[in-house]
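Structure, please.
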Amino acid sequence: MSVPARLSTAFLGQRAPGVAAPAYDRAQRTGIVHLGIGAFHRAHQAVFVDERLAAGERDWAILGASLRSAETRDALAPQDGLYTLVERDGEGERVRIIGAVTGLMVAPEAPALLIEAMSDPLVRIVSLTVTEKGYCHDPATGDLREDHPDILHDLARPGLPRSAPGFLVEALARRRAAGIAPFTVLCCDNLPANGRLVRRVVSRLAGLRDVGLGDFVASDVAFPCTMVDRIVPATTPADRAAVAARLGLDDAWPVVTEPFRQWVIEDDFPMGRPAFEEAGAELVADAAPYEAMKLRLLNGAHSSLAYLGSLAGHETVAQAIAAPGFAAFIRGLMDEEVTPTLDVPARTDLGAYKSALLRRFANPALHHRTWQIAMDGSQKIPQRLLATIRARLAAGAPISRLALALAAWMRFVTGTDEQGRAIDVRDPLAGRLRALCDAAGPVPEALVPALLGVRDIVDADLAADPRLVRAVREALTTLYQSGAARAVVQFQPET
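Residues are numbered from 1 along each chain as shown. Sure thing, here's the model as predicted:
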């Protein structure tokens with residue numbers, strides 16, 4: 001039996017019939033450098049760019065750079081940057097090959113070359129999906145963590161940076177010195193007011209190097225806010241095998257996703273941009289209402305499902321939402337505790353949006369692991385749950401469901417599940433959180449104030465609010481006494 005050839009430009013013509021592939025000339029100039037070339041970018045922003053290149057736009061090819069691991073480069077470089085996109089739902093799957101990524105780099109291997117690429121006058125956008133922790137900021141305040149090891153390194157050796165802010169500052173400094181207009185910084189991570197937050201972090205780092213450079217970044221560089229939405233589970237060996245069988249070629253790193261996608265972008269691109277709106281993006285003056293809707297409804301519900309579902313023994317989101325009580329709990333969370341905190345454009349149909357979320361969570365073709373969503377909770381909890389809790393408390397409103405979700409996170413980071421098995425807690429603060437949990441023990445009266453006392457996560461005024469402390473303590477007690485599955489089924493909200 002012959003071994004299938006590897007997906008690449010040379011073997012593109014050997015793909016199976018019915019699989020779409022780039023028909024445009026991929027030998028064009030780089031217009032976008034993307035930091036954090038992971039699965040989400042390849043299933044989302046790169047697809048929008050691919051469609052604009054297919055429509056005839058030129059010089060928007062993407063150079064993708066990994067800031068840590070060489071995995072993506074090693075997988076895709078032999079494929080000339082080509083990879084397979086698979087959209088799956090209960091009705092089947094749609095397969096196509098994406099060609100927008102024409103170059104790949106690993107930043108730690110060649111930081112000077114990456115800065116040189118970002119300094120090229122032809123590069124007009126530098127986009128980012130480096131996850132919340134990649135911005136070296138305090139999630140509770142939005143300030144740059146000036147004591148972060150990568151920031152200290154980047155201040156000492158600015159020409160060889162490690163952090164995403166460090167690469168941005170050095171490239172912008174070089175463009176400024178050369179009289180080259182600054183690129184637009186396009187953050188595509190789930191952060192509140194993401195463009196403004198990244199401007200704050202990057203301008204502060206620039207200002208620590210040189211006050212004039214900091215002022216330049218703050219005033220002359222565009223940082224449009226965005227809202228991105230698409231569920232992209234981690235690719236599994238089974239996915240790779242299925243893609244090889246469908247494609248007739250081996251693909252080392254395909255991406256599997258849902259048909260749904262959404263991209264809301266503030267239209268602030270002084271150096272120009274692809275016509276993203278022609279690919280289905282929504283260009284707006286203010287992305288804040290859409291961002292809050294997505295962070296609090298989709299991401300808040302996702303994290304709630306991840307922690308409660310994982311504790312209840314459900315490996316995937318689809319399994320969790322199908323379990324008794326979970327769909328009703330999540331719909332109640334969205335309807336009664338999240339929606340009243342939102343101020344969305346009048347044309348937005350929130351009821352339809354929430355119903356669509358439940359359908360997306362239940363997609364049986366996406367094996368989105370609850371553990372994957374639960375990672376980096378210290379970076380996600382502030383905007384996904386705590387912001388909503390703050391708004392509810394300010395309104396004097398109940399927070400029962402939100403408190404149960406927050407308590408589930410606390411139970412999760414203890415590192416031991418309801419069956420006494422170890423949980424692999426992946427989080428920048430994992431060691432600190434585990435030490436606090438070990439010291440407190442499984443005692444809600446001790447554990448709740450210990451974790452609420454982590455200022456990197458919870459602001460002091462919120463942590464001291466007796467309504468929050470009481471609600472989370474009661475919820476955590478329920479989780480320890482009854483378990484997550486029963487807590488969700490038996491849940492009775494405050495009246």
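
Going by C-alpha atoms from here, please, whenever you check contacts or count neighbours.
OK.

With only the CA atoms kept, save stretch 314-326 in CSV.
Output of stretch 314-326 as CSV, limited to C-alpha atoms (Å, rounded to 0.1, in the frame of the first residue of the first chain):
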residue,chain,number,x,y,z
HIS,A,314,-17.6,15.3,30.7
GLU,A,315,-14.7,15.4,28.3
THR,A,316,-16.2,17.6,25.6
VAL,A,317,-18.5,20.6,25.5
ALA,A,318,-21.1,18.7,23.5
GLN,A,319,-21.2,16.0,26.1
ALA,A,320,-21.6,18.5,28.9
ILE,A,321,-24.4,20.5,27.2
ALA,A,322,-26.3,17.3,26.5
ALA,A,323,-26.1,16.2,30.1
PRO,A,324,-29.2,16.6,32.4
GLY,A,325,-29.6,20.2,33.6
PHE,A,326,-26.6,21.8,31.8
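
just how off-centre is it within its chain?
In terms of Cα atoms, centre = their mean, to the nearest Å, the centre of stretch 314-326 is found 22 Å from the chain centre.

can you check stretch 346-354 too?
Relative to the centre of its chain, stretch 346-354 is centred 23 Å away, using Cα atoms, centre = their mean.

Enumerate every residue touching the closest residue to residue 413 other than its chain neighbours.
Excluding the flanking residues, the one nearest residue 413 by Cα to Cα, 6 or more residues apart in numbering is residue 425, at 6.3 Å. By Cα atoms under 8 Å, 6 or more residues apart in numbering, the contact set of residue 425 is 375, 412-413, 415.

repeat for residue 312
Contacts of residue 312 were listed using Cα under 8 Å, 6+ apart, and they are 418, 483-485.

Next one: it from residue 418, what distance?
Computed as Cα to Cα, to the nearest Å, the residue 312 to residue 418 distance reads 8 Å.

How about residue 377?
19 Å.

Name the residue in these two with the higher neighbour count.
Remark: of residue 377 and residue 418, residue 377 carries more neighbours, 24 against 17, as counted by other Cα atoms under 10 Å.

Name the nearest residue to the more buried one, sequence neighbours excluded.
Closest to residue 377 by Cα to Cα, 6+ apart is residue 427, at 6.5 Å.

Surely that neighbour is in contact with residue 378?
Yes. Assessed by Cα atoms under 8 Å, residue 427 is found in contact with residue 378 at 6.8 Å.

re the thing from before, can you put the contacts of residue 312 in JSON lines and add distance to residue 118?
What follows is the contacts of residue 312, written out as JSON lines (distance: Cα to Cα, whole Å):
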{"residue": "418", "distance to residue 118": "48"}
{"residue": "483", "distance to residue 118": "51"}
{"residue": "484", "distance to residue 118": "48"}
{"residue": "485", "distance to residue 118": "49"}
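
between those, which is nearest residue 197?
residue 484 (34.8 Å; Cα to Cα).

Please report which of the contacts of residue 312 has the highest neighbour count.
Counting by other Cα under 10 Å, top hit in those: residue 484 with 25 neighbours.

Next one, pLDDT for it please.
Per-residue confidence at residue 484 stands at 97 (pLDDT).

next one: residue 295
Residue-level pLDDT assigned to residue 295 equals 92.

now it: how far from residue 167?
Between residue 295 and residue 167 the distance, using Cα to Cα, works out to 27 Å.

same deal with residue 409?
33 Å.

how about low-confidence regions in the stretch 251-400 of the chain?
Under the criterion pLDDT under 70, no range of the stretch 251-400 of the chain is flagged.

Now with 90, please.
344-348, 364-367 (pLDDT under 90).

so where do the strands sit in it?
Using DSSP state E, counting those that start in this stretch, the strands assigned to the stretch 251-400 of the chain run over residues 255-257, 262-266, 282-284.

Go ahead and list the helix or strand containing residue 63.
When elements are assigned from DSSP states H and E, residue 63 belongs to strand 61-66.
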